[in-house]
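> coordinates only, sequence not included:
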Ligand code: NAP
Ligand code: GLV
């Protein structure tokens, strides 16, 4: 068995080099080839560890038995319509990555909650202007998607005393977190949430979910935090909601096109703070064992852990 490490992003060294070092060093060793230079005979490849795989690559591996995502999301795999039939797609569920993601989301909620931009502006103007802020318990935060990352984020926000709700496809029971689910629960969830934290997977059902209609449901002066995928947000609708004073703040880590084009209006919008899709970058040091375990499971003829459902797209 041989594992191919591949991305359409081109030369991913030294990141891929670190993965190779760690996977080769797992008990029993794993033979790793880096795409494209080391592809060699495609019949040797039985597992592919991928981030945004090059079009056609996976379809051209005749003995593939595992498609393993390098991240928690799998939209970068399912966007290809020629995936080899019957080959399981597994995602990472790495506690280190979950913790990084919830840390990003909690930081962004606190940024909004404590009006951090006001004090940046005041400092720039040498202005001493103390203002009292509302208690966290009066701030209604809505977490869209309460899976691995969303549930952790909701719990941590609750520990800080925020008034937290979650929205998911199926009902959830997280202590202290108000639960909403499905299309029927969507409007009430948006209406009660002053701050929305989007942690949904990108699927045909969630594409463009933060559009003009959804944003119009939110309380005036609300904020959007999107650490999931750029495709969840309708860019023009978000800008209109910020310009129209419906929303006060947006914190964005992910974009429809990445890197964000230099002329995109998000770069200079006064109410937008952005980061370059680094809310949670997979750390090979913490994630390699999980990949190795899936590789071994497939080698033994067992199903890999964390298989995703191709019909649902997550
Ligand atoms: P997950 O465990 O699969 O959880 C997904 C959640 O979304 C679940 O609660 C699911 O509901 C809900 N959901 C899915 N489709 C829905 C729909 N149509 N309506 C309502 N709820 C729906 O995912 P995760 O591991 O938390 O990751 C979430 C996303 O974060 C990833 O897909 C990825 O895009 C993003 N991410 C971003 C970064 C970054 O650096 N910015 C890093 C890692 C991950 P059920 O529980 O009912 O199924
Ligand atoms: C990053 O975006 C991931 O899906 O892990």
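Perfect, thanks for sending it. Just so it is clear, the structure is predicted and the values come from calculations on it, not from any experiment. Numbering: from 1, shown residues only. Ligands and ions are numbered 1, 2, ... in the order given.
> and the closest residue to ligand 2 within the chain, what does it touch?
Nearest to ligand 2 in the chain, going by C-beta to the nearest ligand atom, is residue 71, at a distance of 2.5 Å. Backbone N, C-alpha and C define where each C-beta goes, glycine included. Residue 71 makes contacts with 51, 91-92, 97, 282, as judged by C-beta atoms under 8 Å, 6 or more residues apart in numbering.
> try residue 133
So residue 133 contacts 113-115 (C-beta under 8 Å, 6+ apart).
> and which of those is nearest to residue 301?
Within the contacts of residue 133, the smallest distance to residue 301 is 50.8 Å, found for residue 113 (C-beta to C-beta).
> re the thing from before, ok, and which of the contacts of residue 71 reach ligand 1?
For ligand 1, the contacts drawn from the contacts of residue 71 by C-beta under 6 Å from any ligand atom are residue 97.
> Check for me that residue 188 belongs to a helix.
Yes - assessed by DSSP: H, G, I helix; E, B strand; the rest coil, residue 188 belongs to a helix.
> Near residue 300, how many other residues are there?
For residue 300, the count of nearby residues is 7 (other C-beta atoms under 10 Å).
> Over to residue 176?
For residue 176, the neighbour count with other C-beta under 10 Å is 13.
> now swap in the one 4 residues further on and tell me
The local packing count at residue 180 equals 22, with neighbours defined by other C-beta under 10 Å.
> Against residue 163, how distant is it?
13 Å (C-beta to C-beta, to the nearest Å).
> same deal with residue 58?
For residue 58, the distance to residue 163 - C-beta to C-beta - is 44 Å.
> repeat for residue 295
As judged by C-beta to C-beta, residue 295 and residue 163 stand 44 Å apart.
> between these two, who's got more neighbours?
A side-by-side neighbour count of residue 295 and residue 163, using other C-beta under 10 Å, places residue 295 first with 25 against 20.
> Look up the closest residue to residue 252, ignoring the ones flanking it.
residue 274 (4.7 Å; C-beta to C-beta, 6 or more residues apart in numbering).
> Next up, the contacts around that neighbour.
251-253, 255, 260, 266-267.
> secondary structure class for residue 236?
helix.
> Offset the numbering so it begins at 858, please.
Got it, the first residue is 858 from now on, which makes the last one we talked about residue 1093.
> burial of it, as a residue count?
Residue 1093 sits with 11 neighbouring residues when counted by other C-beta under 10 Å.
> what's the answer for residue 991, then?
Neighbours of residue 991 (other C-beta under 10 Å): 10.
> what's the closest non-adjacent residue to the residue nearest the centre of the chain?
With distances taken as C-alpha atoms, centre = their mean, residue 1085 lies nearest the centre of the chain, 3.4 Å away. Nearest non-adjacent residue to residue 1085, counting by C-beta to C-beta, 6+ apart: residue 1055, 4.7 Å away.
> Tell me how far that neighbour lies from residue 1084.
Noted for residue 1055: a distance of 7 Å to residue 1084, by C-beta to C-beta.
> Kindly report the same for residue 1153.
From residue 1153 to residue 1084 the distance is 32 Å (C-beta to C-beta).
> neighbour count winner among the two?
Neighbours were tallied for residue 1153 and for residue 1084 using other C-beta under 10 Å; the higher tally belongs to residue 1084 (24 against 16).
> Spell out which residues sit in contact with that one, please.
958, 961-962, 965, 1006, 1054-1056, 1110-1111, 1136-1137.
> Work out for me the element residue 1150 sits within.
helix 1141-1156 (DSSP states H and E).
> tell me which parts of the protein are close to ligand 2?
928-930, 1137, 1139.
> mind giving me a markdown table with the residues you listed and columns for distance to residue 980, secondary structure and pLDDT?
Formatted as a markdown table, those follow (distance: C-beta to C-beta, whole Å; DSSP: H, G, I helix; E, B strand; the rest coil; pLDDT from 0 to 100):
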| residue | distance to residue 980 | secondary structure | pLDDT |
| --- | --- | --- | --- |
| 928 | 37 | coil | 98 |
| 929 | 37 | coil | 98 |
| 930 | 37 | coil | 98 |
| 1137 | 30 | coil | 98 |
| 1139 | 36 | coil | 97 |
